[in-house]
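[1] below: sequence and its predicted model.
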Amino acid sequence: MPHLWPKDTDCALWELDVLDRDCPACGRMMPICDHRYRHFYTLEGPVELVCKLNHCPDPRCPGHARTKSPEIEPTIALPGWGIARDVFSWIGHRRFSRHWSIPQIRGELHDTFTIDLTEPGIANDIRRYQAMLAARQQDPEALRRHYQGTAALILSIDGLQPEEGHETLYVVRELTGKRVWFAEALLSATATEVQRLITRAKQWAGALGKPVALWVSDKQDAFVTGVAAVSPGVPHRSCANHFLRDLARPVLEADSHAKVQMRQKVRGLRGIERSVLKRRQASVPEGSPSAEEEVAVTAPDDPSGDVVLEYCAAVRGLLNNDQGGPLHPPGLEMSDALTEVRQSLGRNLAAERGASRRRN
């Protein structure tokens, strides 16, 4: 359905003219015969595009009945689109590179660019983006140029889980050229369906005249049997990402259990903070700001209380830190950081005891 533009929409005016105004049939100069008006969104705001149309003035010329439009109009927005190519590319990038959902894309377009699109409209744009990307990726001449200097191919196949309720998207990629070859949503990952995708990838490699040196996957049964049937003798290796993820799962589980144990032992932070704040509240004289305002600032005459509150804030930050991943388990980092805090407290207490003995 066409987009209903409010009458008070403030649109930037863009005018386009035909670059080559010579009639392709007779060579005469073609005058402007009409104008075509259209509106669409860009990332810079709404635009009213005025296209100046030309045709040959000679009624006897075969080109007289054909109207010529500005050549660069399709590079800005394709016919019938309510968005320009920059918005179209932005939607496709957020969906397939950052894996945003359609409601999230719609909300960001509205909040950041004041572009009001419906969810079905965005879904249609995403399907167009997929079709255009697939056509570009599967262009035989572009593939041959891309792999001109490649001796052998390394292919991978993996299933990507899309939004809930949709089919699993199976993607075949070539790793030496870092290029997605094709993708297809399958209702069920049966051995026959997966083997069909692997066969198609082998046909692509044959059309390029390149041998397949290696297959990479997460070693699902359908992948293992499919590669063995279609490419016998070609090595089939496990994906490093899946391998590390499976290897790290027990490590992360043990690390999570260790964090729980440490959090159970490190308790009483809030009680310590309350005791410091209660002591400061008792020292507030009458006529001063409220206790809440007073204790929120650093008391100049309570340096020891400041140190205690800083230690409590540091320990609380350590207990809430979950960053690190399997290669840097957060539990181990938490343990090392809590050990440093304990050593720091020990040094401060030792220094305080030494100062007390000297004063005595």
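    Received it, and whenever you're ready, just let me know what you need.
[2] please enumerate the strands of the stretch 51-200 of the chain.
    In the stretch 51-200 of the chain, the strands defined using DSSP state E, counting those that start in this stretch lie at 153-160, 168-174, 179-186.
[3] now residue 239: how far from residue 315?
    According to CB to CB, to the nearest Å, residue 239 stands 39 Å off from residue 315. Every C-beta, even on glycine, is put in place using the N, C-alpha and C of the backbone.
[4] do residue 212 as well
    For residue 212, the distance to residue 315 (CB to CB) stands at 55 Å.
[5] list the contacts of the most centrally placed residue in the chain.
    For the chain, residue 98 is the residue whose C-alpha lies nearest the centre (CA atoms, centre = their mean; 1.5 Å). Residues near residue 98 by CB atoms under 8 Å, 6 or more residues apart in numbering: none.
[6] what packs against the longest helix that the chain contains?
    Selection of the longest helix in the chain by residue count, based on DSSP state H, yields helix 330-359. For helix 330-359, the packing partners by 3 or more CB pairs under 8 Å, 6 or more residues apart in numbering; DSSP states H and E come out as helix 240-265, helix 303-319.
[7] closest to residue 134 out of those?
    Proximity to residue 134, assessed across those by CB to CB, is greatest for helix 240-265 (24.4 Å).
[8] okay, angle between that closest one and helix 303-319 too, please.
    On the basis of axes from the mean of the first three to the mean of the last three CA atoms, to 10 degrees, helix 240-265 is oriented at 140 degrees to helix 303-319.
[9] list the buried residues in helix 240-265.
    Neighbour-count burial for helix 240-265, counted by 16 or more other CB atoms under 10 Å, picks out 252, 255, 258-259.
[10] and if you look at stretch 70-88?
    Neighbour-count burial for stretch 70-88, counted by 16+ other CB under 10 Å, picks out 70, 73, 76-77, 81-84, 87-88.
[11] pLDDT for those - can I get that in TSV?
    Output for those, formatted as TSV (pLDDT from 0 to 100):
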residue	pLDDT
70	94
73	93
76	94
77	92
81	89
82	91
83	94
84	95
87	96
88	95
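[12] give the contact list for residue 259.
    330-331, 334.
[13] would you format the residues you listed as JSON lines with neighbour count included?
    Converted to JSON lines, those look like this (neighbours: other CB atoms under 10 Å):
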{"residue": "330", "neighbour count": "19"}
{"residue": "331", "neighbour count": "21"}
{"residue": "334", "neighbour count": "22"}
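[14] which one of those residues is nearest to residue 8?
    Sorting the contacts of residue 259 by how near they are to residue 8, with CB to CB, puts residue 330 at the top with 53.8 Å.
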